[in-house]
Structures are given as C-alpha cells and as structure tokens.
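# Okay, here's the prediction I keep looking at, along with the sequence it came from:
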Amino acid sequence: LENKKYWLWYGIAVAAAVYTHYYLLFSVAAQGLFILIYLLKSRNAKLLWRAVGAYLLALILFLPWLKTFLQQLGRVEQNYWIPAISKWSVPGTIWKMAFGGQGIRNSVLAAAAAVTVILIILFLRKVRSFQKWHVFFGLVIPFVAAILISLRTNLYLDRYFVFASLYFVILITLTITHFKRYKTIWVITLAIATLFTFFKNWKELDIKDKPGMGEAARYVNSNARTSDQIYVGSSFVYFTFKYYNKTGLAPLLYSPGSLESIPHFSGTALLMNSDLITDFNLAPRNSNIYVLWTTGFGGSKPQVPGNWRELDEVSYPDAPGFKGEIFVTKYKVN
C-alpha cells in the first residue's frame, strides 16, 4: 500500500473495470468501503490521499464515456426487460454461483440460503485477518446495491453477479480451511457436489443435440457464395453469427428502424447504422439471400417482400432452452 505505483495501477484497473461492465461499480464500491475502513483504522493520511488520487484517476479516465453512460442510463429507465426481483432471487443467484444450472426447487433454495448464512457467520467468526472484510464486502455489497436500485428500476439479474461469485468462492475456501476437524470431509463433499451438479447441468443443456448457431453458421459457411447476401433477423443472435461467420461476407442486421429504435439491451452499444438493413426491398435482384432468425428472445420469422422465393430452410435447436431454435432460410430475389 505504500508503493505509489500500486495506487496508479489500481486507478487504471478501476476505470477498466467500469468500462467492462457497469455492475463492477458495485465491486469497486465494496473495495472503496474496505479501503475507507482500513484507513480509518490505521489513521494513515498519506494512504488516504493516494486512495483518493486513484479514484480521481479512474474518474478522469472514464470521463470520455460519461456522456454515453448517461444516455444508456436514460434508456434503461425508459425501457428495460429485467423482471422484478422476488424473495427467491438472491437464493437462486447463490445457488447458481455454487452449482450453476437453470434453476432448482424453492425448498432447495431455502436450504441453500440457510447454509450460506451459516457459512458467512462462520467465516466472520473464524477468519481473524482484517482482509476478511474485503471478501465479505465484495460478496455482499453488489447484492445490497442491486436490491436497493431494483426498488426503483429492475436491475437484478443472476449473471451480473459473476464478479461477486469470485468472493463467494474465496469465502467458502477460507471458511473450510479454518475448520480444525473434518476439513478433508468438507472438501471432498463440496468437490463431489460440484462435480455432480456440473455433469447434471451438462446433461440438461444437451449441447450435442442442440448445436444452435454454431451449426446454423456452418450451413451458411458451406453454401454461401461471394455474390450472396446474409441478413440476421434478431440483434440477440447477430454477434453470435458474426463469431462463427467464415464466409467473408459482412452480415447485416434487419431492423425496420434506425439503431436508436433497437432495444439497448440487445447489443446496440456495439452496433452502427452501417450494420443495419432497414428495408428488405433494398436487396439486390437475382441474388440469393440467407436470413438467420430465432424463435428465442420472443423472435419470429421476418416478413420478406413478395418477390423473394424461398428455396430452403433448416433449423437447429439452441441451448439453453430459452434461446429457442436458430433458423436459416434461403431466398432467391426475383
């Protein structure tokens, strides 16, 4: 903590974290609270100014993106898709942190929540190091912040807690290592439970029989020619196709309106208006068109002009189940 370079790199890391995902603001807040308590405890004024300097540096580095952030924040408040938080949201997230999967019975969630509370109590009682508060805040603060914000705007979603899950793993590990008796049994039990749920989740995903966009893209890669066009009917799968696309053709995302009309939560931050085709009538005549679309995310087959003749259609179920099926429909423009 005495080394100035550490604080410099910490400020840069904080800025990079917020650029990466806004939810990391909660993790930064947890670290800031830990640093504040540590400085109050140590009464080290020099470290206080270095910490303030690190956070000021992070703010300065974030300023170029501040306008975009405020625009996105406004769009979030106007139109957001995350469901309302419920009494099972936190237990469900904790379960997925430990064992993954798409969900479990409420009775199991209640038991898992009780075990988690006991683990946290044991952690705070048995771990003597002051650094335990860094782990505790890193796990708890993101939950508290997300719940409080969700009272006004729904912002609670399981996958956003992937950053807090690191602290959950550390908490479990440190708690187990402080057991003087039966430590090995606890480790073996946890390893068996983790392996069991991993293979259970893998079986339920059924990826072998649900190749989704990977197989759909292979179909396009094998059949598309340089004179063809590729359109994608949903922004939710547009970037997925771009990842697998080996045709050398630049796919366009179909949208009846401009970029501003596309829901912000479906990848618009990475899109430009040049990525869009807003009118299928602009498709070149006598060309073959591959249209990729999905039944997932509330999607459906795009309506095409009457002079488009359907030549072929294939579909591939995607995993997990809420992603529906990926369709590739080939047309000839007359």
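Thanks, I have the structure now.
# Buried residues, the helix or strand containing residue 69. List them.
Using DSSP states H and E, residue 69 falls within helix 45-78. For helix 45-78, the neighbour count (16 or more other CB atoms under 10 Å) marks 47-48, 50-51, 54-55, 57-58, 61, 72, 76 as buried. Backbone N, C-alpha and C define where each C-beta goes, glycine included.
# mind giving me a markdown table with those and columns for distance to residue 95 and pLDDT?
Listed next are the buried residues of helix 45-78 as a markdown table, based on distance: CB to CB, whole Å; pLDDT from 0 to 100:
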| residue | distance to residue 95 | pLDDT |
| --- | --- | --- |
| 47 | 39 | 87 |
| 48 | 40 | 88 |
| 50 | 40 | 92 |
| 51 | 35 | 93 |
| 54 | 35 | 95 |
| 55 | 34 | 96 |
| 57 | 38 | 97 |
| 58 | 33 | 97 |
| 61 | 36 | 97 |
| 72 | 30 | 74 |
| 76 | 27 | 63 |
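# Are there helices or strands packed against the following helix or strand past the helix holding residue 69, and which ones?
Using DSSP H and E, the helix or strand that follows helix 45-78 in sequence is helix 89-99. On a contact count with 3 or more CB pairs under 8 Å, 6 or more residues apart in numbering; DSSP states H and E, helix 89-99 meets helix 106-126, helix 132-150, helix 162-177, helix 183-205.
# count of neighbours near the residue lying closest to residue 170 once chain neighbours are set aside?
Leaving out its chain neighbours, the residue that sits closest to residue 170 by CB to CB, 6 or more residues apart in numbering is residue 135, at 5.2 Å. Neighbour count for residue 135, taken as other CB atoms under 10 Å: 23.
# returning to that earlier point: redo the buried residues of helix 45-78 as JSON lines? Include distance to residue 167.
As requested, the buried residues of helix 45-78 are exported to JSON lines (distance: CB to CB, whole Å):
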{"residue": "47", "distance to residue 167": "23"}
{"residue": "48", "distance to residue 167": "24"}
{"residue": "50", "distance to residue 167": "24"}
{"residue": "51", "distance to residue 167": "20"}
{"residue": "54", "distance to residue 167": "20"}
{"residue": "55", "distance to residue 167": "20"}
{"residue": "57", "distance to residue 167": "24"}
{"residue": "58", "distance to residue 167": "20"}
{"residue": "61", "distance to residue 167": "25"}
{"residue": "72", "distance to residue 167": "26"}
{"residue": "76", "distance to residue 167": "26"}
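# out of those, who's nearest residue 218?
Nearest to residue 218 among the buried residues of helix 45-78 is residue 72, at 34.5 Å by CB to CB.
# so how far is residue 274 from that closest one?
20 Å (CB to CB, to the nearest Å).
# can you check residue 93 too?
38 Å.
# circling back: export the helices and strands packed on helix 89-99 to JSON lines and append columns for mean pLDDT and distance to residue 222.
What follows is those, written out as JSON lines (pLDDT from 0 to 100; distance: least, CB to CB, whole Å):
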{"stretch": "helix 106-126", "mean pLDDT": "92", "distance to residue 222": "44"}
{"stretch": "helix 132-150", "mean pLDDT": "95", "distance to residue 222": "44"}
{"stretch": "helix 162-177", "mean pLDDT": "92", "distance to residue 222": "35"}
{"stretch": "helix 183-205", "mean pLDDT": "88", "distance to residue 222": "25"}
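# who wins for proximity to residue 288 among those helices?
helix 183-205 (33.5 Å).
# residues in contact with that closest one?
With contacts defined as CB atoms under 8 Å, 6 or more residues apart in numbering, helix 183-205 is touched by 98-102, 172, 176-177, 179, 319-320.
# Buried residues in that helix, which are they?
197, 205.
# Kindly calculate the angle that it makes with helix 89-99.
For helix 183-205 against helix 89-99, the angle by axes from the mean of the first three to the mean of the last three CA atoms, to 10 degrees is 100 degrees.
# residue ranges of the strands in the stretch 151-300 of the chain, please?
229-232, 252-254, 276-277, 288-294 (DSSP state E, counting those that start in this stretch).
# With respect to residue 14, which of these lies nearest?
Nearest of these (CB to CB): strand 252-254, 33.3 Å.
# quick one: strands adjacent to the closest one?
strand 229-232 (parallel), strand 276-277 (parallel) (DSSP bridges).
# Give me the contacts around the last one.
Just to be clear, that refers to strand 276-277. 231, 252-255, 258-259, 283.
# Check stretch 86-93 too.
Looking at what lies outside stretch 86-93 - CB under 8 Å, 6+ apart - the contacts are 103-104, 106, 109-110, 112-113, 116, 143, 147, 156, 158, 161.
# let's see it at 6 Å
106, 109, 113, 156, 158, 161 (CB atoms under 6 Å, 6 or more residues apart in numbering).
# ok, the last one - contacts?
It stands for residue 161. residue 93.
# Repeat the analysis, applying 10 Å as the threshold.
By CB atoms under 10 Å, 6 or more residues apart in numbering, residue 161 lies in contact with 23, 26-27, 90, 93-94, 96-97, 139, 142-143, 146, 167-168.
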